[in-house]
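J.: quick one, fold the following:
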Amino acid sequence: MANLLAVDVGNTNTVFGLYEGDELVDHWRLATEANRTSDEYAVLVQQLFALHGRDWHAVSHGIVASVVPPALHAVVRLFSRHLGIEPMVVGPGIKTGMPILYENPREVGADRIANAVAAFDKHRRGLVCVDFGTATTWDVVTPKGEYLGGVIAPGILISAEALYRRAAKLPRVEIVKPERAVGRTPVTSMQSGLYYGYAGMVDAVVDRIAAEVDFDPYCLATGGLARLIAGASRAIREVDPLLTLRGLKILFERNR
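T.: Sure thing, here's the model as predicted:
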C-alpha cells in the first residue's frame, strides 16, 4: 500500500497529512518558518510520526503545495534527503483536471487550486470555497468544473493583530464567539467585531458572487477558524477543515 505524505505550506502554518491508500489516517500542523531547514523539518516530522506510533520511513510518495517560496525548498529537501523521495510539487505544468480562467493561471495559489479541485470533486456543482487562512479567500468554481477566480481579504488573525499594534489601548484578543453583538468591554467589543464582522463579510461577498454568475453557488469553508465563523454565517453550508489535504491527494492521483 502506497503511503502518501501531503504537505500544505501556508503563510502561518504548515500542515502534513498522511494517507494510507485512500484514507487520511493522521495530520499534523507546524508553524511555518521560512528559515527552517530540511534537517529541522526532519526532526520535527519524525517526532510527530513517532508520537502517534507511525514509521515515517514507510512514506513512499509525497506532494507539496506552498505559498511560501523560501520554505518550499526545505520541504522538498526533507523528502529527497531524509526519505529518498522526489515529491510532486503543485505548480505550473501539473495536471489539475480543472481549467483555470484566471488571466494568468500561474498566479493562483497552490492551496487555492487544491481547495477548488477537492470541493468540485466532492460536489460536482458550481460553488464557492471560503478559506480562513492567513488571508481569507473565496474561490469560485463553475458547474463545468472551471476555476473562475476569487476574492482575497485580510485574514481574521491579521486584522486582530493590526488592531493590537495600531491602536494604543486595544489588547490582543482570542477569536471566540461573543455572548452578544454589543460588547461592553474593549475585549468583547473587538471579539464581536471580528466574529460577526467576518461572518457578515463572508455572506456579503458570497451574495455579490452569486449576483455575478449564472448559477446558485454552494458555499463550503475550510481553514482553522472555519467552523467557528460558520456558526454566524448564513452562506456557509458545510465545513471541511482538511479540504486542502484532500485536494492534494486528488492532484497526486491525477499526476502519478
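J.: longest single helix anywhere in this structure?
T.: helix 186-212 (DSSP state H).
J.: just checking: what are the partner strands of the next helix or strand after that one?
T.: Counting by DSSP states H and E, the next helix or strand C-terminal to helix 186-212 is strand 218-223. If you go by DSSP bridges, strand 218-223 pairs up with strand 127-132 (parallel), strand 238-239 (parallel).
J.: what residues does the helix or strand following the last one touch?
T.: What it means is strand 238-239. As assigned by DSSP H and E, the chain's next helix or strand after strand 238-239 is helix 243-255. Contacts of helix 243-255 from elsewhere in the structure, counted by C-beta atoms under 8 Å, 6 or more residues apart in numbering, are 4, 6-8, 15, 17, 19, 22, 24, 27, 61, 63, 65, 88, 90, 94-97, 111, 113-119, 121-122, 129, 131, 220, 222, 240. (Glycine included, C-beta is placed from N, CA and C.)
J.: hmm, which of those are the buried ones?
T.: Those of the contacts of helix 243-255 that meet the buried threshold are 4, 6-8, 15, 17, 19, 27, 61, 63, 65, 88, 90, 94, 96, 111, 113-119, 121-122, 129, 131, 220, 222, 240, by 16 or more other C-beta atoms under 10 Å.
J.: just the strands from the stretch 1-150 of the chain, written as ranges.
T.: 3-9, 13-20, 23-31, 61-66, 88-89, 127-132, 135-141, 147-154 (DSSP state E, counting those that start in this stretch).
J.: what's the average pLDDT for the fourth one?
T.: For strand 61-66, the per-residue pLDDT values average out at 97.
J.: output it as PDB - backbone C-alpha positions only.
T.: Output in PDB follows, covering the C-alpha atoms of strand 61-66 (Å, rounded to 0.1, in the frame of the first residue of the first chain):
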ATOM      1  CA  HIS A  61       5.300   9.300  -2.000                       C
ATOM      2  CA  GLY A  62       5.000  13.000  -1.400                       C
ATOM      3  CA  ILE A  63       3.200  16.000  -2.700                       C
ATOM      4  CA  VAL A  64       3.800  19.600  -1.700                       C
ATOM      5  CA  ALA A  65       1.800  22.800  -2.200                       C
ATOM      6  CA  SER A  66       3.400  26.000  -1.000                       C
END
